[in-house]
Every structure is written in structure tokens, then in C-alpha cells.
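Chemist: Structural data only, the sequence is not supplied:
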């Protein structure tokens with residue numbers, strides 16, 4: 001019998017053959033293996049433990065009946081979600097597998113999420129609809145009636161769309177004096193909802209706007225989706241004037257339709273609803289006018305029939321002749337009354353003229369004018385007399401001046417005579433004997449004086 005010894009446990013290798021990893025290194029290698037293996041995968045499961053953190057990230061678990069995996073959706077991906085994740089939703093998620101080192105957990109990093117079997121947009125639509133309905137924004141009690149005759153109509157839509165042309169065509173045909181205030185806006189694409197909400201608020205601040213039409217033409221669900229966004233719904237609900245929602249075609253329903261005060265199936269229908277009240281008023285006025293004319297005609301016919309019945313009676317056989325005689329007598333009285341009235345008026349006018357003339361003679365202004373005229377005349381006469389007196393006195397003065405001039409010594413000197421004075425000018429020399437040769441004398445002429453020395457003196 002060959003008996004062999006059973007092999008024992010393997011001998012541990014030496015310290016130089018060991019490769020010891022730290023936990024971080026091992027976790028890093030596991031992360032690398034998982035992230036290289038599960039880069040872009042789709043996972044189907046049920047949402048559980050959904051939580052939205054203050055950071056904006058959403059944490060949840062994906063599970064089925066045999067397993068579950070923790071997952072995270074970062075804020076950069078959450079903002080593209082069309083619905084709010086809730087526990088129990090059956091979803092399909094796209095993302096990658098990674099490892100969260102601090103806890104040693106592997107997790108699914110979700111980049112896209114959509115409900116399985118129920119579109120994400122539909123889920124978002126139902127969620128927002130449920131929320132706004134819970135706040136009472138769909139209540140019929142808060143719906144406002146359209147103004148009877150709007151003077152200024154606001155329109156929020158795209159300038160390039162057919163909706164604006166349809167609205168303008170309808171209003172131009174049925175309400176040409178309407179005043180339109182158009183706020184252009186984008187109606188589809190990224191950021192369209194915020195633009196529409198801003199446009200609604202801008203129109204609400206325009207003074208005098210009575211009603212507002214918000215809408216666009218038809219399109220796909222994606223094209224109309226901006227009108228299912230919460231900012232648009234809340235802007236419409238807060239509008240200070242009644243709002244008509246006119247989005248797409250008749251089969252298209254949006255959140256804006258539920259929040260608005262009135263839904264129109266198309267933009268053209270919205271314009272017709274705005275002017276509907278005016279048409280109703282015009283129709284009612286025409287109907288009342290017809291009734292009034294008919295009632296007047298009926299009344300006249302009834303009274304005419306009554307008159308004919310009275311005339312057919314026996315007592316009214318000569319009624320027409322009596323009426324004619326009465327009419328003639330009335331005409332004569334009327335003529336006499338007019339003549340008498342004319343005579344009284346003429347008499348009173350003559351009396352009035354006399355009184356006016358008398359009153360004019362007593363008029364203080366007239367009397368003052370007369371006195372003023374007399375004063376002016378007297379002033380003229382006085383001025384003339386004064387002028388004549390001045391003229392006479394002036395002539396007399398000139399005569400006396402001439403006489404005085406002829407008697408003046410200066411006048412004598414002017415005729416060529418001179419006056420001789422002694423040396424000290426104390427005496428006029430009248431005789432030659434009063435001076436002696438060698439004496440100094442002064443001779444006064446008509447113009448100037450002469451100092452002289454006597455050379456000889458002879459008496460004649």
C-alpha cells in the first residue's frame with residue numbers, strides 16, 4: 001500500500017512578494033474599473049427615497065423586486081428635468097456608475113431621467129396642473145368677465161407667427177377702431193416661457209389696456225410647451241386685466257388655458273371673442289330699434305282706428321265741418337292775436353326809444369362829454385387871447401426898446417461919437433480947457449477905449 005503524505009497549507013510568500021493596497025487605492029481602482037466599464041448605460045427601476053437637497057442635487061434609489069442602487073442627479077442635470085421625481089415613479093435613467101469614496105458605496109450618477117410608459121412632459125404637465133389647481137388658480141370664481149367694449153387690447157405673441165396676422169385681420173374687419181398694444185415675444189424654444197411671462201407683466205403695466213390675448217399658432221407638443229411652464233401660468237394669473245389664452249388649435253390644451261380667464265381654440269377665435277360683446281350690443285340695439293318702430297306704428301294705427309270709429313258714430317256726422325269752422329275761427333283768432341301782439345310790440349318799442357333818448361340825456365358820461373367840450377373851447381379861446389396879448393405886449397416892448405436904444409450913450413457911441421475921460425476916470429471932459437498938454441486922458445469908443453496924452457488943447 002502506497003501511503004502519501006497529504007500536502008499542507010501553502011507557505012506564505014515573503015514580505016518582498018506582497019502588494020498591499022491602501023483603502024483609498026483600492027477604492028480608486030474599483031472606481032476606475034466601474035467608471036470604465038459602466039460609462040453610459042440605461043437603467044430601469046422604481047424611484048425610492050427621493051430627496052431634493054438645498055444644493056439642488058437630487059438623491060434617490062433605483063430599485064426593482066430584487067435589488068436597489070443609490071443614485072444622485074446633480075443640479076446641472078436637474079434643471080433640465082421636465083417633471084418632479086417622486087417616490088414610486090417607474091423610470092428609465094441614463095448615466096454612469098461611480099464610487100463614493102468616503103462611504104465606500106457605489107452609486108449611479110444619473111444624467112437623464114424620464115418616466116417609463118408616461119412621458120416626462122406629461123408628468124410635468126400633470127404635476128403643475130395639480131399644484132396650480134390646489135392653489136385655486138383654476139377656480140371658476142376667479143375668472144373675470146371680458147369688458148363689454150374694450151378700447152385697448154393687448155397682444156402677447158410672436159411678430160413672425162400667423163397668430164398675430166389672424167388677430168389683426170379679425171379686429172380690422174370687425175372692430176376697426178380697436179387700439180392694439182403688441183408685446184413681441186418668443187413663443188417656443190429655450191427661455192420662451194420666461195420671455196412670455198415678462199411680456200404679460202409688461203402689458204399689465206400699460207395704462208388703459210382692457211383685455212389681453214396670449215397665444216400662438218399650432219405646433220407640436222414641444223413647440224407649445226412654453227405655455228405649460230409655471231412662470232407663464234403665474235404671470236397670467238397675476239395679470240390685472242382679463243386674459244384670453246389662444247394657444248395652438250382647438251385640440252391643444254395647455255396650463256395657460258386653465259389659468260386664463262377664457263380659453264379660445266385659436267388666435268382668430270380669441271379676436272372674435274374680444275369683439276363679440278360689441279356685436280351683441282349692436283344686434284341688441286338693432287333689435288330694440290325694430291321693436292320701438294313697430295310699437296310706434298302699432299300705436300299710430302290703433303289711435304287712427306279709434307278716431308275713425310268715433311267719426312263713424314251718429315253724433316260725429318258733421319264733425320268734419322264743425323272742425324273746419326272751428327279751424328277757421330281759430331285761424332282768425334290767431335291772426336287777430338298776432339296783429340294785436342305786433343301792435344303792442346311796436347308801441348312798446350316806441351316807448352322804449354323815447355325812454356332811451358331821455359335816459360341818454362341824463363347820462364353822466366354824455367354830460368361830462370359836453371362839459372369837456374365846453375372846457376376845450378374855452379381853453380382854445382383863452383389861449384388865443386393870451387397869444388394876442390403876448391403879441392401886442394411884445395410889439396410895444398420892441399418899440400420902447402428902440403426908443404431906449406436911441407437914447408442910450410452906447411447908441412450915440414455907435415453913431416461914431418466918443419467920450420473922453422480924465423486920467424482917473426472921475427469926470428467927462430467937455431471942454432478942452434480942462435486939460436493941459438501932457439495930461440493923460442482916456443477915450444471911450446463904441447468898441448474899446450484909447451489911452452491918450454494931450455499934446456495941445458485949443459478952445460473954439
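Modeler: Done, it's in. Keep in mind that what you see is a predicted model, and the values were worked out from it rather than measured. Residues are numbered from 1 along each chain as shown.

Chemist: pLDDT wise, what is the residue nearest to the spatial centre of the chain at?
Modeler: Geometric centre of the chain, nearest residue: residue 207, 6.8 Å, by CA atoms, centre = their mean. Looking at residue 207, its pLDDT is 91.

Chemist: With residue 15 instead?
Modeler: Note for residue 15: predicted pLDDT of 51.

Chemist: what's near enough to touch residue 182?
Modeler: Contacts for residue 182 were tallied using CB atoms under 8 Å, 6 or more residues apart in numbering; they are 154, 155, 157, 159, 164. In this view, the C-beta of every residue, glycine as well, is placed from N, C-alpha and C.

Chemist: Tell me how many other residues crowd the fourth one.
Modeler: Other residues near residue 159 number 10, with proximity taken as other CB atoms under 10 Å.

Chemist: For it, give me phi and psi.
Modeler: phi -70, psi -20 (degrees, to the nearest 10).

Chemist: Equivalent analysis for the last one, please.
Modeler: Note on residue 164: backbone dihedrals following degrees, to the nearest 10 are phi -70, psi -40.

Chemist: So it is in contact with residue 158, correct?
Modeler: Yes - the criterion here is CB atoms under 8 Å, and residue 164 meets it with residue 158 at 6.9 Å.

Chemist: between those two, which one's more packed in?
Modeler: Of the pair residue 164 and residue 158, residue 164 is the one with more neighbours under other CB under 10 Å, namely 22 against 19.

Chemist: now that one: how far from residue 227?
Modeler: From residue 164 across to residue 227, the span is 16 Å (CB to CB, to the nearest Å).

Chemist: ditto for residue 185
Modeler: 11 Å.

Chemist: got any residues that touch both of those two?
Modeler: Common neighbours of residue 185 and residue 227, counting by CB under 8 Å, 6+ apart, are residue 196.

Chemist: So between the two, which is more surrounded?
Modeler: residue 227 (29 against 23).

Chemist: ranges for the strands of the stretch 151-300 of the chain?
Modeler: 152-157, 179-184, 211-216, 243-247, 262-263 (DSSP state E, counting those that start in this stretch).

Chemist: average model confidence for the third one?
Modeler: Read that as strand 211-216. When pLDDT is averaged over strand 211-216, the result is 92.

Chemist: Partner strands of it and their direction?
Modeler: Looking at strand 211-216 with DSSP bridges, its partner strands are strand 152-157 (parallel), strand 243-247 (parallel).

Chemist: for these, which one ends up most surrounded?
Modeler: When the strands paired with strand 211-216 are scored by mean count of other CB atoms under 10 Å, the highest mean neighbour count falls to strand 243-247 (a mean of 29).

Chemist: and that one, what's its mean pLDDT?
Modeler: Mean pLDDT, computed over strand 243-247, is 92.
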